[in-house]
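> quick one: sequence plus predicted model below, questions after.
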Amino acid sequence: MQDLKRSSITVRLGEALLHALRVEAAKRPQTVNAEIVQRLEASLSGQREAASPKLISVPIDMQLSPESLEWLGLWDDMDASQRRRALAVIKAVIDADAA
């Protein structure tokens with residue numbers, strides 16, 4: 001929230017969406033308002049991926065190793081900023097190994 005001057009609006013949200021926003025805000029921790037503002041700013045500044053992560057399709061019968069489950073758990077615990085930094089580090093390691 002860069003602007004010093006702020007305006008208020010009323011937004012009608014479905015219960016499921018409001019619940020999801022509350023859950024996500026609690027993970028950071030921040031207010032629901034801050035969560036909404038952060039997501040709107042990200043989507044309007046061209047950082048759409050930060051606001052809506054890419055989903056992958058996994059076969060329902062796919063067995064994940066304990067290490068893979070640990071990675072997924074860590075990823076799920078990260079906020080968008082942490083995920084971007086983690087990806088940058090992982091990409092740098094892969095690039096260094098390829099060189």
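Received it, and whenever you're ready, just let me know what you need.

> secondary structure element holding residue 75?
Applying DSSP states H and E as the criterion places residue 75 in helix 66-77.

> those helices in this structure, which residues are they?
Ranges of helices within the chain are 15-27, 32-44, 48-51, 66-77, 80-98, based on DSSP state H.

> the fourth one to helix 80-98, inter-axis angle?
To tie it back to what came earlier, the one meant is helix 66-77. 140 degrees (axes from the mean of the first three to the mean of the last three C-alpha atoms, to 10 degrees).

> and the helices of the chain, which one is worst for confidence?
Among the helices of the chain, helix 48-51 has the lowest mean pLDDT, at a mean of 49.

> make a markdown table out of the helices of the chain and add mean neighbour count and distance to residue 5.
C-beta: built from backbone N, CA, C; applies to glycine. Compiled in a markdown table, the helices of the chain are given as follows (neighbours: other C-beta atoms under 10 Å; distance: least, C-beta to C-beta, whole Å):
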| stretch | mean neighbour count | distance to residue 5 |
| --- | --- | --- |
| helix 15-27 | 13 | 24 |
| helix 32-44 | 15 | 14 |
| helix 48-51 | 14 | 24 |
| helix 66-77 | 10 | 35 |
| helix 80-98 | 11 | 25 |
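
> make a markdown table out of those and add distance to residue 8.
Shown next, in a markdown table, are the helices of the chain (distance: least, C-beta to C-beta, whole Å):
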| stretch | distance to residue 8 |
| --- | --- |
| helix 15-27 | 17 |
| helix 32-44 | 10 |
| helix 48-51 | 22 |
| helix 66-77 | 32 |
| helix 80-98 | 25 |
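
> domains for this protein, by residue range?
Following automatic domain parsing, the chain resolves into domains at 1-52, 54-99.

> next one: the helix holding residue 75 to chain centre, how far?
Relative to its chain's centre, helix 66-77 lies at 15 Å (C-alpha atoms, centre = their mean, to the nearest Å).

> repeat that for stretch 89-99.
23 Å.

> could you find the closest non-adjacent residue to residue 24?
Counting by C-beta to C-beta, 6 or more residues apart in numbering, residue 35 is the residue found nearest to residue 24 once chain neighbours are left out, at 5.7 Å.
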